[in-house]
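Enquirer: Below are the sequence and a predicted model for it; my questions follow.
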Amino acid sequence: MVGVFLGICYNAKCQEKTQPKVGLITIADGWASNSVNAVVFRKNSLVTYRDTQFAAFYNQDKYVVLAKRRSGSHNWTIKQTPYKGNTTDAHNSISIMIDGLGYLHMAWDHHNTQLKYCRSVTPGSLELTDKIRMIGDAEQQISYPEFFKMADGKLLFLYRNGASGRGNLVMNKYDPETQGWTRLFDNLISGEGARSAYWQAFIDSKGTIHISWVWRESADVASNHDMAYAKSSDGGLTWQKTNGEQYQLPITAVSAEYAARIPQRSELINQTSMSADNNGNPYIATYWREVDSEIPQFHIIYFDGKNWNSKNLGFRTTPFSLSGIGTKSIPISRPQVMVKGTGKNVSGLMIFRDIERNESVSAVVIEKLKKKKWTIVDLGNSSVGSWEPSFDTELWREKGILNLFVQKVAQVDGEGNANIEPQPVQVLDWRP
């Protein structure tokens, strides 16, 4: 168990006090010499199906390890799979999801590389099939694979086809009944050979698919700019703007709707997270530096039903610069956001890590976003190094229980490796 310490933040002024404890359950030791097990864009690191939770991570020998437990139990069944990954590249994370019939799907070890995908041999099993192709086309240069489960049990699979600065967003759909994949789009969001879209996606309670993204003009992260948006209410077949206008596909830099205009070299990060309120209005968490400031701050960009808005949470005091190629060593993590409620009563959580808070697992608890009233909660005393938050999206969606994948990891700037001992892979259980 780890202690929780609460700092009330209102207009960037804080006061500390003690809160109840949260649970911390260890699975096993895992690779920790870089952040490949603990990057924010893992969809998912943890996933619950009915009464069973599944986890995936790389061990010190670079093998993919799967684990499962009954919900609430501390006892894990652990299996080293026959599959390995290039763990020296922090892009090459593992993504898992469970379909509507209980089969586990896994994609791993991708950074401009051939598709690596398989699924469990039976529902609930940790035994995996041989590698399987999905469509067979546009599967040679894959990065950032992500699974999303729809209400009918079907899956979406999103990935970038092509290199940084010249990639396109591909979307596939899986039907558990036929055990087959179909291609929805070869090129939903096109960089037109000049740029890439770095996205985050979310499926809300009404089944609407939301995607937002920054554009990057080159491999240099400093070329990130703007925040664009699209949604689909028919399972990904057609896409619209917030005003209902239909997109002509593929979406490009000229045709995109913009939730926020953010210049290049603003320390704008890519691949963060988004959510939606009970009315289906989107909320995006990210960070960047305002023009008149040297300090990158966390922001919540949201649509209120009429207009796009941006809230600068404004509690950080330390400047830093974001530029260069490869995985960066950054004093803060990319954030995860969860939202509930409607209208003036929208509340939410933003999970993050910041060197200003001892690199611990922290959360902004937003009581009422429009009133600028929020609280910062540190979910423990210990540093988690270069960790970024990923969580069990299905458990949160169905029961409102937050299970975070937590591991202390190190990240040397520019895809370096720290060569440290394996560290415990853990699940942090919090019921806010």
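Expert: Yes, it's here.
Enquirer: Which stretches in the stretch 101-250 of the chain count as strands?
Expert: Residue ranges of the strands in the stretch 101-250 of the chain, as given by DSSP state E, counting those that start in this stretch, are 104-108, 111-113, 117-119, 142-149, 155-161, 168-175, 180-185, 196-203, 209-216, 224-232.
Enquirer: Next, the angle strand 168-175 makes with the longest one.
Expert: Per axes from the mean of the first three to the mean of the last three C-alpha atoms, to 10 degrees, the angle that strand 224-232 makes with strand 168-175 is 30 degrees.
Enquirer: Quick one: closest of the strands of the stretch 101-250 of the chain to Asn243.
Expert: Asn243 lies closest, by C-beta to C-beta, to one member of these: strand 224-232, at 11.0 Å. C-beta: built from backbone N, CA, C; applies to glycine.
Enquirer: residues in contact with that closest one?
Expert: Residues lying outside strand 224-232 but in contact with it, judged by C-beta atoms under 8 Å, 6 or more residues apart in numbering, are 189, 197-198, 208-217, 238-242, 247, 251, 256-264, 266, 268-270, 282, 284, 286, 301, 303.
Enquirer: Show the low-confidence segments of the stretch 101-250 of the chain, by residue range.
Expert: Scanning the stretch 101-250 of the chain for pLDDT under 70 picks out nothing.
Enquirer: quick revisit: just the buried residues of the contacts of strand 224-232.
Expert: Burial of the contacts of strand 224-232 was assessed by neighbour count (16 or more other C-beta atoms under 10 Å); the buried members are 189, 197-198, 208-217, 239-242, 247, 251, 256-257, 259-260, 262, 266, 268-270, 282, 284, 286, 301, 303.
Enquirer: residues near Lys371, how many?
Expert: The criterion is other C-beta atoms under 10 Å. On that basis, Lys371 has 10 neighbouring residues.
Enquirer: Assign the residue lying closest to it once chain neighbours are set aside to helix, strand or coil.
Expert: Nearest residue to Lys371 in three dimensions, chain neighbours excluded: Lys344, at 7.9 Å (C-beta to C-beta, 6 or more residues apart in numbering). Per DSSP: H, G, I helix; E, B strand; the rest coil, the local secondary structure of Lys344 is helix.
Enquirer: The residue nearest to Ala38 when sequence neighbours are not counted: neighbour count?
Expert: The spatially closest residue to Ala38, leaving aside those adjacent along the chain, is Trp387, at 4.4 Å (C-beta to C-beta, 6+ apart). Here the count is done by other C-beta under 10 Å, and Trp387 has 27 residues near it.
Enquirer: Okay, Trp387 and Val365: tell me how far apart.
Expert: Distance of Trp387 to Val365, computed by C-beta to C-beta, to the nearest Å: 20 Å.
Enquirer: Also Ala228?
Expert: Remark: distance between Ala228 and Val365 (C-beta to C-beta) = 28 Å.
Enquirer: Pick out whichever of those two has more residues nearby.
Expert: The neighbour comparison of Ala228 against Val365 (other C-beta under 10 Å) goes to Ala228, with 23 against 17.
Enquirer: partner residues bridging the more buried one?
Expert: According to DSSP bridges, the residues that bridge with Ala228 are Trp213, Tyr258.
Enquirer: for Asn403, same thing?
Expert: As assigned using DSSP bridges, the partners bridged with Asn403 are Asp429.
Enquirer: OK, contacts around the residue nearest to Leu115 when sequence neighbours are not counted?
Expert: Counting by C-beta to C-beta, 6+ apart, the nearest residue to Leu115 once its immediate chain neighbours are dropped is Glu139, at 4.0 Å. By C-beta under 8 Å, 6+ apart, the residues touching Glu139 are Gln114, Leu115, Arg133.
Enquirer: any idea how far Glu139 is from Phe54?
Expert: In this structure, Glu139 and Phe54 are 24 Å apart, going by C-beta to C-beta.
Enquirer: neighbouring contacts of stretch 188-199?
Expert: Among residues not part of stretch 188-199, those counted as contacts by C-beta under 8 Å, 6+ apart are 144, 158, 160, 162-171, 211-217, 224, 228, 230, 239, 249-253, 256, 270-271.
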